[in-house]
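S.K.: what follows is a protein structure lacking sequence information:
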């Protein structure tokens, strides 16, 4: 699966506490290696919107881009 982040994502990411950024980085590497890993709780929440857990309190939301090409963070 491919992934890309839009400019808005980086602005929001930069504003997160360091602890949450580290958790997000860890979960992203886990997702790259195994998108179905249980700890991610990766799921479709709407036809074109997906969610993955960063921590118990924080989720990352993704939209599909292209036909079967991957996800972009929103």
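M.R.: In hand now; what should we look at? Computed from a prediction, not measured in an experiment: that's the story for all the values here.

S.K.: secondary structure class for residue 35?
M.R.: Reduced to three states with DSSP: H, G, I helix; E, B strand; the rest coil, the structure at residue 35 is coil.

S.K.: what's around it, how many residues?
M.R.: Close neighbours of residue 35, defined as other Cβ atoms under 10 Å, add up to 14. (Glycine included, C-beta is placed from N, CA and C.)

S.K.: look at it and report its pLDDT.
M.R.: If you check residue 35, the pLDDT there is 79.

S.K.: that one is in contact with residue 42, isn't it?
M.R.: Yes. Under the criterion of Cβ atoms under 8 Å, residue 35 makes contact with residue 42 at 6.0 Å.

S.K.: ok, residue 48 touching residue 62?
M.R.: No. The pair residue 48 and residue 62 fails to qualify as a contact (Cβ under 8 Å) at a distance of 9.5 Å.

S.K.: buried sites along the lengthiest strand in the chain?
M.R.: Counting residues, the longest strand found in the chain (DSSP state E) is strand 59-65. Using 16 or more other Cβ atoms under 10 Å as the test for burial, strand 59-65 gives 59, 60, 62.

S.K.: between those residues, which is nearest residue 10?
M.R.: Of all the buried residues of strand 59-65, residue 10 sits closest to residue 60, with 12.9 Å by Cβ to Cβ.
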